[in-house]
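[1] make a model of this:
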Amino acid sequence: MNLRSALLASQAALPLLLAQKTSAIVNVGAAAALKAGLGMGAYAAAKAGVARLTEALAEEFKTRGLRVNAVLPSVLDTPANRADMPEADPALWVGTAELSRVIAFLLSDEASAVTGASVPVMGRV
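    Next up is the predicted model:
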């Protein structure tokens, strides 16, 4: 599910994005793509796949005006994560607004020189 959703979304968007002079994709991976934790083998492998897919798409389409990057957040501060981890300190997690700002930057013209990057967004975890 984690890798397949990024692949299918990219495939669906490519015709529209390539019709533009410049465009961008930002995939959402996870910090587990960089370092797996105990019991996270399949999840970490899938998220590493998102990072490699990002690199491959960036390489394939860099001369056609399409930039492709990924964000790799650690634990997101969501109601579901708060419920699943009631003893954790969500002040250390990545806020959804914080992650959104990183994504907005990667989609902006200010990031026009950035493609093929997987950007860790770790909070204070």
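[2] what helices and strands are in contact with the top helix by length along the chain?
    When the chain is parsed with DSSP state H, its longest helix is helix 41-61. Applying 3 or more Cβ pairs under 8 Å, 6 or more residues apart in numbering; DSSP states H and E, one finds that helix 41-61 contacts helix 2-18, strand 23-28, strand 66-73, strand 118-121. C-betas here are computed from N, CA, C, even on glycine.
[3] does the one residue sitting closest to the centre of the chain have beta-bridge partners, and which?
    Nearest to the mean C-alpha position of the chain, counting by Cα atoms, centre = their mean, stands V28 at 2.3 Å. For V28, the beta-bridge partners under DSSP bridges are V71.
[4] returning to that earlier point: show me what counts as buried in the longest helix of the chain.
    43-44, 46-51, 53-55, 57-58, 61 (16 or more other Cβ atoms under 10 Å).
[5] just put the helices and strands packed on helix 41-61 in CSV and tack on mean pLDDT and distance to L107.
    Output for those, formatted as CSV (pLDDT from 0 to 100; distance: least, Cβ to Cβ, whole Å):
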stretch, mean pLDDT, distance to L107
helix 2-18, 97, 11
strand 23-28, 98, 5
strand 66-73, 98, 9
strand 118-121, 98, 12
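[6] can you check which of these gets nearest to D84?
    D84 lies closest to strand 66-73 among the helices and strands packed on helix 41-61, at 15.7 Å (Cβ to Cβ).
[7] what's the offset of the next helix or strand after that closest one from the middle of its chain?
    Next along the chain after strand 66-73, taking DSSP states H and E as the criterion, comes strand 76-77. Chain-centre distance of strand 76-77: 14 Å, with Cα atoms, centre = their mean, to the nearest Å.
[8] just the buried residues of stretch 71-81, please?
    V71, L72, P73, S74, V75, L76, D77.
[9] oh, I was asking about stretch 3-18
    L3, A6, S10, L14, L17.
[10] quick one: residues in contact with that stretch.
    The contact list for stretch 3-18 (Cβ atoms under 8 Å, 6 or more residues apart in numbering) reads 23-25, 27-29, 46-47, 49-50, 53-54, 57, 61, 64-66, 68.
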